[in-house]
Each structure stands twice: as structure tokens, then as C-alpha cells.
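> Any chance you could fold what I've pasted below:
(chains A and B)
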Amino acid sequence: MQLDNIRIVAKREYLQRIRSKGFWIGTVIFPVFAVAMTVLPSLLLMRSKTTQKIVVLDDTGRVATQLSAERSKTAPPEPREQVRMARIEFIREVAQPDRKAQEETLDQRALDKEIDAWIRITPAVLTGTPVEYHGRSTSNFMTQEVLEDRLTEAVRRVRLADAGYDPDKVGELSAKVDLRTIRVSKEGSRAEGGAGGFIFAYILFFMLFLSLLIWGQQVMNGILEEKGSRAVEVIISTVKPFQLMMGKLTGICLVGLTQFGIWLTTMVVLSAPGIVGSLGNMPDDLKIPTLGPLVALQFLLFFVLGFFVYASFYAALGAAFNSLQEAQQVAGTLGILFAIPAILMPMIINAPSSTLSTVVSLIPLFSPVLMPLRMVTEMPPVWQIAAAYLLTFGFLVLMVWICGRIYRIGILMYGKKPTIPELLRWVRYS
Amino acid sequence: MTSNLEVRDVRKSYGKFAAVDGVSFAVPETGTIFGLLGPNGAGKTTIIRMIMDIIAPDSGEIHLFGRKRGAAELRRVGYLPEERGLYPKMTVIDQLLFLGEIHGRKRRDLVPAIDRWLDRVDLAKWKKAKVEELSKGMQQKVQLIGTLLHEPELLILDEPFSGLDPINQELFRDLFHEHRKQGRTVILSTHGMELAERMCDHICLISQGKVILTGGLREIKRQIGGNAYRLVAEGDLDRLQGLPEVEQAVVQDGVVKLLLRPDAEGSEALRRMIEFLRIHEFRSEEPELEQIFLKAVRDAA
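Below you'll find the model as predicted:
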């Protein structure tokens, strides 16, 4: 009967929400928004990606010849990804004896939009003086960054040659050394991408965090609404507050998971051709990290469990407060609590099996993020994983029980903001 | 005899205020309408909420259907709270299915039952409408169906007629009487004495958290009844209260409802009244519940 009631309440909650227009609007709008936020800026940038024409006046007569629009293989790694987006066409022109007149003409050409900018490389550049950039726009930071990169390389080659070294040889000799990581585990050694599995733990964390931003509020509202609807008095006489809380939490969380499921499926379906296509272009030294099916399943379990545990905090707020405004003030600070695992993550990655790591990964509030992280860095003993599940689940039940207690009293006390001592008293007796 | 409901020495305090102060009463098993009566703030709703396990008593016991009250017993009760409420966004049919299910009924049994009920109260064509689209009167009907749908053996109604239009009042009253005729029991909590007088077989009078009188309405009336009179007279009616025989005198539209002390003689009282009143009518009559109630409250104090 206990489970029956939870099921009935959860079913009502789930169906009501799935059928609402709001759910579908949210389900469609959010991805559209997310895509717009990530794809649009780079799309716009792509469109603005015209080749910048830069006139080069070389007083040294040696740097300009080394200057090329493309990077050589031996150049140091590019400072920023976006640098690839900017294209430069160098136009070498002979420096005239009348510097002033030539510069004025160049300025005029820039203003006439025939060229975008001009630079002059003086001999002092070889000893560290900056190169002056005269352009119509000085906010095109990407072009400037590429330009700086190219100039650095060209000047470096000239300096090396001056010092009696072969620039090509030096480039070859100072090539970067890569690290290929192989994880040793009981299942056998196997090569993995350097970024490794803990990428998944970060994804897990961000998914949890994101889903709570959306659904934590929903849980809180749902429970506040229940109090406001006054339907609760009839319900609470046959459905105990614990069952009601558990039912509502389950129902709303399942709606959240459904939404996630929809997004994930859509994403996979839409991007599948893209992934296959891009596999061909993938650099050889980059391996896509993978998860074993068992670990993947555990990630899913921990995600669901974490979702419930975190949502239960919002449920408690919904149970304790009478109005949305009051509850929201406190809800904001919950985010800080949920960010703690993120602060602990680097520590775990560095020393996955230290005593401290073991202890924090067993704390119910942190387990859902930190235990999976330990699994992908260094597999913890089975008992610890089992303990994490048990403790987290036990904690969840305790939270719901407390919510039920608070709720039971809260529904019959209107218009009064509860104090912390009052809440504690409510929990102790009902 | 086992009772449908037995409340034993139940207490509930809020801080220093004793809302319910050692209340005991029993509701007989046979089909009756049992009135839980008292003024506003007497503690009726608190008692009902404790019966329904919505709030926990500080002490005392509650038995339903001869057993200590548990979840299974509560599912056999139909409860209509004073504060009505349905889920506004739910359709009528979903709402009723939900209420039926949490009372332990199966969906397949509920569907035909809901259709019958909706037909009966003329709401069949609103079955798929959302509750918020319904008029207030229609919502009240839906709520009532929700209370009766699972065929409860005991109905607990907290001020069921408040806010009802006359048509719905009649509908509600008919359904409650029907329920009693089927050999089931109704507990009716109200502060309206006239209404209780018309409907109840048994009563329990509550004042300031205490039971001040309980029993069958007939017996109570018989016990006190010998000394109730109806008086129509002119003169200084205020002096009536000063007579040694008079327990209570209530003036209403020129008619005085008199309640004499149990040992007083009607003829003796009449002899005294003639001295200062011109009497048109003086006759023995059944006391009204209101009189009984006022007397009981005074006796208790």
C-alpha cells in the first residue's frame, strides 16, 4: 500500500506535467536556445571571416621574406583556438625613401578600404621593439593575435640565422613531446585518451547542475502548489506525508529525466552523421575516451540518485515555506552547496584513493559526482561503491521523511514564516 | 456494541491553549447522522483532523470500525474538509480517478462508477473539462463525488453546507440521507443548530474543546423537553429572566422560547408572569437544539 500510494501520486504528477504545454515548450525551447547560444556566435564569426589585407614594409629586408600566412609545422602551439578563424594576406611593398609620404598614402589606402592595415618592420624589431600596426580597426583582436604569432615566428627565424643556427634544424630539435597515457587496471592495460574518463565525470556534474537549475525549482514549486491547492487535506488523510513527498519527488524527477532523455536522443540522432563524418578528420593522437558498459550504467544510476538527492533539498524548501518568494531566497544559496563537489574534483583526480578522497566520496551529497569520478580515475573497491549507493539512498529516504514531517505541519500553518528552531521542532514531533 | 468511531480522551494543545481538552464520544454503528456541534472555534475541525490523521493528538486514542485507526481504516472513510480544494489543472475524470485510487479502488471499477455519478449530478458533459473551467457550484459537486466515490462506510463532513447554493444544499442533503438509508453513518460537523436539528439523530455538543453533552437527539429533548414553552405576550419581557422558575428566555420575533428549571412547574411560572405581562399564548413545546445548547454551555460553566 505504501508503494501503491507513492506510485499513484507519482503517476498523477508525471502525467499532469507531461501533458502540460509548458513541458513541451520548455523541452523544445531550451535546446534551441542552447544551440543558438553556442552555434550562432561562431556562425556569425565565420561569416565575418574575410581575408585581411595587410601591407608589409620591411626596413630590414629579411623578416618579410620569412613571413608567411600559413603556420610552419615547427612553430610553437597556437595560443588560441580562434586564431584559426582569422586569415591574413600579406602584401609586401618596397619601402620608399620618403617614409612620411609613403605612410600617408598607405593611411589613405586603408581609409579607402583598399587594404585593411599596414605594418613597418624596423631593424629595432629584431632587438625587441614592437611592430606598429596601423589599421582602420584596432579591435580585430583575432587578426592581431595571428599577426603577432606570424611575426614572432618570422623574427625568430631571422634571429636564429643571425646567431648562426639553421632555423629549420632548431625547429625540428625543439619539437614538442607528447604523452600517451595507458591506464593500469585489473581488467588489463589499455590506451586511453589523455583527457581520460574524468571528462565524463565533469559532464555528469554539469548535467546534474544544469538539471537542478531547471528541475529543482519545479520540485519546489510543485510542493508549494500542493499546499496552495488545498486539495491536500483530503489526500493527506489516506496518503501519508512521506508517501506524498516521495511520490511528488519521483513524479517530477521522472519528468526531468524524460526531458533529458528526449534531448539526449535528439542530440544523438541529429549529430550521428556529424560524428561519423568528423571521425575521418580526427587527428591520430586524439583518442575518444570510452566508458565500459558497467561503468556507464553506474554513471546513469548515480545521475538519477544525485538528481533525487539534490531535488529533495528543494522539496524541503517547498515544504517549509509558504510563498515562492521566500523559498527562492534560500534556494539561491543551495547552488553553492551543490558546487562543493566541483571544488573537490581536482583533488580526487590527483589522488583518487587517498583517505580524504575516500571519505568525501562517501558523503551522500557528494557521492553521485565524486564516486563516478573515482571509478574513471582509479577503480575504488566494490564495498566503497556499494556503500556510496546505500548511504546516498538512505540519505534520500531520510530527506524525504524530514520533508514529510515539515510538510505535514506546514500545510496547516498558514501565513507564518518558519524559523529554524521551529522547523527542527516540527521534525522532532508531528 | 462496537462503534464506527470511538474517540477516547483525546487532547491537543497549541502552546498553552488547549484546543481539544479530553474529548470522548462514540458514534453508534447503525445508519445514523451524528452531529458534531459547537460554535466556531470550539475545536470541531481539530477533532476531525485528528480522526483523519492529519494532525496527531497529544494524547488519547481513536478507533475506527472497532480497530485502532490505521491507513486501511481511513480508506473506508469519506472526508469532506471545510476548506475545499481540487487540483485546478486536472480534468474532472482524472481528478476523480486519482481520489478513488488513493482510497484503494481499482481504475477499472472507478470508471463506470464515475460515469454514474456524473450523470446523477448532471456533469456528464464536463467529464473532460479542467476543474478550473467549472463554476463553483460544479466544483462542489465534483468534490462531493470525490468524497462518496469509494463507497465509504463512514462519511465525515466538516461544515458541508457552507458556501453552497440552495440547489446544491438540497442535493447534498439528499445524498447524505441516502447514505444513511444504506445503513452507513454520517458525521456532520456544523455550528448551524437549525440544520443539525433537521438532520441529526445523535449529537455531541462541543464547547471550548470539551464535550458538554452527547447522546440521541430524541432522548436529550425528552429529558429537557418537559420544561420548554412557547410564549406570546406583551409587556416587560426582560423581567422573565429574573423569575426563579426560568432557566432561559430567548425572544425571537415577538415569540419567547422559555426553558424552565427541571424542578419548576409551568403553572407556577404562568401565575407569576400574568402579574406583569398580557399573555396571548403559553404552551408546552419541544425545546430547540439551540436552547439545549445554550443551556448546556451555561451548565458546563
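
> chain center to the helix or strand hosting B:D94: distance?
Assigned by DSSP states H and E, B:D94 falls within helix B:92-102. When C-alpha coordinates are averaged (Cα atoms, centre = their mean, to the nearest Å), helix B:92-102 and its chain have centres 27 Å apart.

> Give the buried residues for that helix.
Residues of helix B:92-102 classed as buried by neighbour count (16 or more other Cβ atoms under 10 Å in any protein chain shown): B:V92, B:I93, B:D94, B:Q95, B:L96, B:L97, B:F98, B:L99, B:G100, B:E101, B:I102. C-beta here means a position set from N, CA and C on the backbone, and glycine is covered the same way.

> Count the residues that sit near the residue in chain B that chain A sits nearest to.
The minimum distance from chain B to chain A, using Cβ to the nearest Cβ, falls at B:G85 (2.8 Å). Using other Cβ atoms under 10 Å in any protein chain shown, B:G85 has 18 neighbouring residues.

> Could you confirm it falls within a helix?
No: the assignment for B:G85 (DSSP: H, G, I helix; E, B strand; the rest coil) gives coil, which keeps it out of a helix.

> out of everything not next to it in sequence, what's closest to it?
Among residues not flanking B:G85 along the chain, A:R230 sits closest, at 2.8 Å (Cβ to Cβ, 6 or more residues apart in numbering or on different chains).

> The one you found touches B:P88, doesn't it?
No: at 10.2 Å, A:R230 does not count as touching B:P88 under the criterion of Cβ atoms under 8 Å.

> ok, and what's touching stretch A:387-395?
Stretch A:387-395 has contacts (Cβ atoms under 8 Å, 6 or more residues apart in numbering or on different chains) with A:L301, A:L305, A:G306, A:V309, A:S361, A:L362, A:I363, A:P364, A:L365, A:S367, A:P368, A:M371.

> quick one on the thing from earlier: Throw the buried residues of helix B:92-102 into a markdown table and include pLDDT and distance to chain A, thanks.
Shown next, in a markdown table, are those (pLDDT from 0 to 100; distance: Cβ to the nearest Cβ, whole Å):
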| residue | pLDDT | distance to chain A |
| --- | --- | --- |
| B:V92 | 92 | 13 |
| B:I93 | 92 | 12 |
| B:D94 | 91 | 8 |
| B:Q95 | 90 | 8 |
| B:L96 | 91 | 12 |
| B:L97 | 92 | 9 |
| B:F98 | 92 | 5 |
| B:L99 | 91 | 7 |
| B:G100 | 91 | 10 |
| B:E101 | 91 | 5 |
| B:I102 | 89 | 5 |
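
> Can you pull the residues of chain B lying near chain A?
Contacts of chain B with chain A, taken as Cβ under 8 Å from any Cβ of the partner chain, map to B:49, B:52-56, B:71-72, B:74-75, B:77, B:79-81, B:83-90, B:94, B:98-99, B:101-104, B:146-147.

> now for the stretch of helix or strand A:L210 belongs to, which elements pack on it?
Using DSSP H and E, A:L210 falls within helix A:198-229. Contact analysis of helix A:198-229 by 3 or more Cβ pairs under 8 Å, 6 or more residues apart in numbering or on different chains; DSSP states H and E lists helix A:241-281, helix A:293-320, helix A:324-350, helix A:367-377, helix A:382-410 as its packing neighbours.

> Just checking the distance from the third one to the centre of its chain.
The chain centroid and the centroid of helix A:324-350 are separated by 15 Å under Cα atoms, centre = their mean.

> Tell me how many other residues surround the residue nearest to A:M267 when sequence neighbours are not counted.
Excluding its sequence neighbours, the residue lying closest to A:M267 (Cβ to Cβ, 6+ apart) is A:P31, at 7.8 Å. Neighbour count for A:P31, taken as other Cβ under 10 Å: 16.

> Retrieve the pLDDT associated with residue 284.
I'll assume chain A. pLDDT recorded at A:D284 is 48.

> you looked at the wrong chain, it should be chain B
Reported pLDDT at B:S284 in the predicted model: 82.

> next structured bit after the biggest helix by length in chain B?
If each helix of chain B is counted by residues according to DSSP state H, the longest one is helix B:166-181. Going down the chain from helix B:166-181, the next helix or strand is strand B:185-190, by DSSP H and E.

> Okay, now the sheet partners of that following strand, with direction.
strand B:33-37 (parallel), strand B:154-158 (parallel) (DSSP bridges).

> just those strands: most buried one?
Neighbour counts (mean count of other Cβ atoms under 10 Å in any protein chain shown) averaged over each of the strands paired with strand B:185-190 peak at strand B:33-37, with a mean of 27.

> coming back round to it: in CSV: the contacts of stretch A:387-395, plus distance to chain B.
As requested, the contacts of stretch A:387-395 are exported to CSV (distance: Cβ to the nearest Cβ, whole Å):
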residue, distance to chain B
A:L301, 29
A:L305, 27
A:G306, 29
A:V309, 26
A:S361, 39
A:L362, 35
A:I363, 33
A:P364, 29
A:L365, 30
A:S367, 33
A:P368, 31
A:M371, 36
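
> Drop anything exposed from those residues.
Buried residues within the contacts of stretch A:387-395, counting neighbours by 16+ other Cβ under 10 Å: A:L305, A:G306, A:V309, A:S361, A:L362, A:I363, A:P364, A:L365, A:S367, A:P368, A:M371.

> OK, contacts around the residue nearest to B:G85?
By Cβ under 8 Å, 6+ apart, the residues touching A:R230 are B:E83, B:R84, B:G85.

> Can you lay out these as TSV showing pLDDT?
TSV is the format used below for the contacts of A:R230 (pLDDT from 0 to 100):
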residue	pLDDT
B:E83	79
B:R84	78
B:G85	80
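
> Closest one of these to B:K128?
The shortest approach to B:K128 among these belongs to B:G85, at 20.6 Å (Cβ to Cβ).

> Quick one: residues contacting the closest one.
A:S229, A:R230, A:A231, A:V232, A:E233, A:V234.

> Closest one of those residues to chain B?
Minimum separation from chain B among the contacts of B:G85 (Cβ to the nearest Cβ) is found for A:R230, which lies at 2.8 Å.

> Mind putting the strands paired with strand B:185-190 into TSV with mean pLDDT?
Output for the strands paired with strand B:185-190, formatted as TSV (pLDDT from 0 to 100):
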stretch	mean pLDDT
strand B:33-37	90
strand B:154-158	90
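
> To B:Q139, which of those strands lies closest?
strand B:154-158 (16.4 Å).

> Pull the distance from that closest one to the chain's centre.
Per Cα atoms, centre = their mean, the displacement of strand B:154-158 from the mean C-alpha position of its chain is 9 Å.

> didn't B:R173 look like it was pressed against B:M199?
Yes: at 7.1 Å, B:R173 counts as touching B:M199 under the criterion of Cβ under 8 Å.

> so where's chain A uncertain?
Counting by pLDDT under 70, the ranges of chain A that qualify are A:1-2, A:42, A:45-50, A:69-86, A:183, A:185-197, A:271-291, A:411-430.

> Can you pull the domain assignment for it?
A:50-173, A:194-429 (automatic domain parsing).

> Am I right that B:L205 sits in a helix?
No: B:L205: not assigned to a helix; according to three-state DSSP it is strand.

> Next up, the contacts around it.
B:L37, B:G38, B:V211, B:I212, B:L213, B:T214, B:I292, B:F293, B:A296, B:V297.

> if you set the cut-off to 7 Å instead, what comes out?
Shown in contact with B:L205 (Cβ atoms under 7 Å, 6 or more residues apart in numbering or on different chains): B:L37, B:G38, B:V211, B:I212, B:L213, B:T214, B:F293, B:A296.

> Residues in a beta bridge with it, which ones?
B:L37, B:L213.

> What's the separation between the residue nearest to the spatial centre of chain A and A:F366?
Nearest residue to the geometric centre of chain A (Cα atoms, centre = their mean): A:F206, 5.9 Å. Distance, A:F206 to A:F366, by Cβ to Cβ, to the nearest Å: 15 Å.

> what residue ranges in chain B score low on pLDDT?
For chain B, the stretches flagged by pLDDT under 70 are B:1-2, B:225-226.

> please redo it, this time with the cut-off set to 50
Chain B contains residues with pLDDT under 50 at B:1.
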